[in-house]
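>>> with the input below, show me the fold.
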Amino acid sequence: MKSHTKINYKAKIKKMQLSFSFDLANDFDMDDEVFLVHNIIEEMNLSFLTSAYFHKGRKPVVEPRTMLKVLVFAYLNRKYSARDIEDACRYDLRFRWLLNNSKTPDHVTINRFRNKIYPFMDEISKQLIDLLIEQGEVDLKSIYIDGTKIEANANRYTFVWKKSIIKYQKRLIEKILEYFNINDELSKGDLKKLVLKEFNNVRNICKSKDIVFVYGQGKRKTEEQKRYELFEEWLNKLDTYEKHLEIMGERNSYSKTDHDATFMRLKDDHMKNGQLKPAYNIQCATNGGYVVGIEGFSNPADMKTLPTFVNSLLEKYDIKIDRVVADSGYE
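Numbering: from 1, shown residues only. Sure, this is the predicted structure:
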């Protein structure tokens, strides 16, 4: 028999270094967006970005200012994935020019930088608008406000309704008052203290009598165990109802998987049944074709978000706003 020899099909290719000896900027048009992004960010004071990095340890792969240029220019070109941005930094000449011979950041570095600058997005936006005001592009004398509801990244069926919680809480309070034969109205705090006191008493009795709790079919529970479980259930329900109402605040609902999301009726109703979905009310203010303010709210009513939104704009900018333009939904 012939012996089979293992053949290496991978060709051994000699590694070569490819280099370019020309100016990349000469290949771009003077009105290219890459120059616009570069010039605007260069005029901004971004010293606060250094506070997002630790002073000890190794230096970042790319300087924060350069990384912000790359990120903004990528968004302008509809590149949102960190891996797509990494590929653009590696193969696109415009991104290479922005990096200025810096090492190409990988997708982990890009995502880490995005997480670091989230707390500074308002300051970055404010500096951009101030720069536009200096250039005479916007004046903020008139602002145009409109809103839209965007579905949250939350489970559609983890809703908690305020009316239902109040109804269940009222029934439980009536049940507790009837059990203790109390005719007077007690506050929720006093009622909870009463149940907790009885629960502690029953627990001490069970410990003193060495009562062993039993579970399952065919097991007969003692009166002490029944009272213990009843008071424990009431305490848990009272705590749960209070927590639900505290999370909701003035809202009528919220999602268990995203406590800030409120169930609203959206324009995009693919089921055609008016189903409420967890969403946010996004308010946007523009002037001269530029977005001068954007904020997300948990309240679905535009007329209730308008005062808060306008006050935040007045605090952010020193220029007086003479006129607010909005549709009839803001009353």
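>>> next, count neighbours for Ser328.
6 (other Cβ atoms under 10 Å). All C-beta atoms are positioned from the backbone trio N, CA, C, and that covers glycine.
>>> how near is it to Val310?
17 Å (Cβ to Cβ, to the nearest Å).
>>> list the contacts for Lys141?
Ile319, Lys320, Ile321, Asp322, Arg323 (Cβ atoms under 8 Å, 6 or more residues apart in numbering).
>>> need these in CSV (columns: distance to Glu242 and pLDDT).
Listed next are the contacts of Lys141 as CSV, based on distance: Cβ to Cβ, whole Å; pLDDT from 0 to 100:
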residue, distance to Glu242, pLDDT
Ile319, 45, 76
Lys320, 44, 79
Ile321, 41, 83
Asp322, 46, 86
Arg323, 44, 89
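>>> nearest to Lys167 among those residues?
Ile321 (43.8 Å; Cβ to Cβ).
>>> run a quick neighbour tally on that closest one.
Quick note: Ile321 (other Cβ under 10 Å) scores 17 neighbours.
>>> surely it touches Leu140?
Yes. In this structure Ile321 lies within contact range of Leu140 using Cβ atoms under 8 Å: 5.8 Å.
>>> what helix or strand does Val291 sit in?
Using DSSP states H and E, Val291 falls within strand 290-297.
>>> for that strand, packing partners?
helix 121-134, strand 276-287, helix 302-316 (3 or more Cβ pairs under 8 Å, 6 or more residues apart in numbering; DSSP states H and E).
>>> for Ile205, find the nearest of these.
strand 276-287 (45.7 Å).
>>> next, the angle helix 302-316 makes with that closest one.
Angle, strand 276-287 to helix 302-316, by axes from the mean of the first three to the mean of the last three Cα atoms, to 10 degrees: 40 degrees.
>>> okay, now the sheet partners of strand 276-287, with direction.
Each strand paired with strand 276-287, and its direction, by DSSP bridges: strand 142-151 (antiparallel), strand 262-265 (antiparallel), strand 290-297 (antiparallel).
>>> okay, those strands in JSON lines with mean pLDDT, mean neighbour count and distance to Ser125 next?
Listed next are those as JSON lines, based on pLDDT from 0 to 100; neighbours: other Cβ atoms under 10 Å; distance: least, Cβ to Cβ, whole Å:
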{"stretch": "strand 142-151", "mean pLDDT": "91", "mean neighbour count": "17", "distance to Ser125": "14"}
{"stretch": "strand 262-265", "mean pLDDT": "91", "mean neighbour count": "20", "distance to Ser125": "25"}
{"stretch": "strand 290-297", "mean pLDDT": "91", "mean neighbour count": "17", "distance to Ser125": "8"}
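>>> do you know which of those strands lies nearest Ile211?
strand 262-265 (45.4 Å).
>>> name the residues that touch that closest one?
In contact with strand 262-265 (Cβ under 8 Å, 6+ apart) are residues 149, 159, 251-255, 274, 276-281, 298-300.
>>> rerun at 10 Å
149-152, 154, 156, 159-161, 248, 251-255, 274-281, 297-301 (Cβ atoms under 10 Å, 6 or more residues apart in numbering).
>>> just the CA trace of it, in PDB.
Taking C-alpha atoms only, strand 262-265 is exported to PDB below (Å, rounded to 0.1, in the frame of the first residue of the first chain):
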ATOM      1  CA  THR A 262     -44.000  54.300  30.100                       C
ATOM      2  CA  PHE A 263     -46.600  52.400  28.100                       C
ATOM      3  CA  MET A 264     -47.800  54.700  25.300                       C
ATOM      4  CA  ARG A 265     -49.800  54.500  22.000                       C
END
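>>> report the buried residues of stretch 152-166.
Ala152, Ala154, Phe159, Val160, Lys162, Ile165 (16 or more other Cβ atoms under 10 Å).
>>> ranges for the helices of this structure?
33-43, 64-76, 82-91, 93-99, 107-117, 121-134, 162-179, 188-209, 223-248, 302-316 (DSSP state H).
>>> make CSV from the ones you listed and add mean pLDDT and distance to Thr286 to it.
As requested, these are exported to CSV (pLDDT from 0 to 100; distance: least, Cβ to Cβ, whole Å):
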stretch, mean pLDDT, distance to Thr286
helix 33-43, 89, 18
helix 64-76, 92, 18
helix 82-91, 93, 27
helix 93-99, 90, 28
helix 107-117, 90, 23
helix 121-134, 88, 11
helix 162-179, 94, 34
helix 188-209, 91, 46
helix 223-248, 94, 32
helix 302-316, 90, 11
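>>> let's have those in JSON lines, adding distance to Tyr144.
Formatted as JSON lines, the helices of the chain follow (distance: least, Cβ to Cβ, whole Å):
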{"stretch": "helix 33-43", "distance to Tyr144": "23"}
{"stretch": "helix 64-76", "distance to Tyr144": "23"}
{"stretch": "helix 82-91", "distance to Tyr144": "32"}
{"stretch": "helix 93-99", "distance to Tyr144": "33"}
{"stretch": "helix 107-117", "distance to Tyr144": "28"}
{"stretch": "helix 121-134", "distance to Tyr144": "15"}
{"stretch": "helix 162-179", "distance to Tyr144": "33"}
{"stretch": "helix 188-209", "distance to Tyr144": "46"}
{"stretch": "helix 223-248", "distance to Tyr144": "32"}
{"stretch": "helix 302-316", "distance to Tyr144": "12"}
